[in-house]
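Enquirer: I would like to see how this sequence folds:
(one chain, ligands or ions: 1)
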Amino acid sequence: MERLNNPDLGLDLSSSLLQQKNPQIMGVLNVTPDSFSDGGHFNQVDKAISQAQSMIDAGASIIDVGGESTRPNAAPVSVDEELARVIPVIRGIRENANIAISVDTSKAEVMQLAVEAGANIINDVYALRQPGALEMAAELRVPVCLVHMQAKPETMQNAPCYGNVVDEVNAFFMERLKSCEKIGIAVDSIILDPGFGFGKTLQHNLSLLAHLRAFKAHGCPILVGLSRKSMLGELLDKKADGRVVGSVTAALIAVINGASIVRVHDVAQTSDAFKIYNAVQYGI
Ligand code: 7PJ
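Expert: Residues are numbered from 1 along each chain as shown. Here you go, the predicted structure:
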């Protein structure tokens, strides 16, 4: 398949990004109707594009564009609806900026059209287990983030259960890596994510964060999404907008424990924390 709009971007940009030693910031850009409070569609697209630019200015090196809410109990979204939400935004960001763009989707068709519109990373909370997704990712030849999830978003928080959560997530990664290898997805284009909050209790999430380094055995970069999640709300007894310091703290702990990429809402604050970390770790 030809990459139509961005022949000079794609794999080069996103795979060099995977080799960075400094922690990278992925800024969350939700393009679901509930994430915008005002009127018309064009207005929403413009707003999303300028929000992406603000996150780039604040230190994000990846923008994660998502049109399907994967929160617990979220209603499924049709392919057409998801495409209508994400494609204009991806195209708009790509026109303005030479930046890595990931598309947060599980649907093969959305992956294909998103990459054609300028996305160069697939971020899939189903880890390429939905129909056609594995084959599509192999064909598109862009890096893929495989996320661990127990059950499905509709039911995942109904009594999640593990023997040893770290071992079970690792076994899942092993199985998914095998499927990827079999179909021809290069291991050096895979990012692994233990999926905080995706079918996990607070204790499961804390164990995963404490033992993140165990996932480095596969040789892939580790991505984590902890930003504003309910595990932080449980610890702090605060609503989403009061979880900024908790989110930055969790992101920094993740990096110290081996994460290479953090998916965050509060890019500027996370970037400040990482500047301190980088100075201590690598010098100024
Ligand atoms: C994650 C994600 C995550 C990756 C969401 C939310 C829920 N993608 N998409 N990792 N979470 N890779 O942001 O609260 O943890 S949506």
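
Enquirer: Next up, the contacts around the closest residue to the ligand within the stretch 101-250 of the chain.
Expert: Per C-beta to the nearest ligand atom, G225 is where the stretch 101-250 of the chain lies closest to the ligand, at 2.4 Å. Where you see a C-beta, it was placed from the backbone N, CA and C, and this is true even at glycine. Taking C-beta atoms under 8 Å, 6 or more residues apart in numbering as the criterion, G225 is in contact with 28, 193, 195-197, 262-264.

Enquirer: Tell me which of these fall in strands.
Expert: Among those, DSSP state E puts 28, 193, 262-264 in strands.

Enquirer: Pick the one among those residues closest to the ligand.
Expert: Out of the ones in strands among the contacts of G225, the member with the shortest distance to the ligand (by C-beta to the nearest ligand atom) is D193, at 4.4 Å.

Enquirer: Check whether that closest one really touches H148, as I assumed.
Expert: Yes. Under the criterion of C-beta atoms under 8 Å, D193 makes contact with H148 at 6.9 Å.

Enquirer: more neighbours, the two?
Expert: D193 (27 against 24; other C-beta atoms under 10 Å).

Enquirer: looking at this, Q20 is in a strand?
Expert: No. Assignment of Q20 by DSSP: H, G, I helix; E, B strand; the rest coil gives coil, placing it outside any strand.

Enquirer: That one and N278 touch, don't they?
Expert: No. Between Q20 and N278 there is no contact under C-beta under 8 Å: 10.8 Å.

Enquirer: Between those two, which has more neighbouring residues?
Expert: A count of neighbours by other C-beta under 10 Å puts N278 above the other of Q20 and N278, at 15 against 12.

Enquirer: The more buried one: which element?
Expert: helix 267-282 (DSSP states H and E).

Enquirer: average pLDDT across that helix?
Expert: Here helix 267-282 scores 98 as its mean pLDDT.
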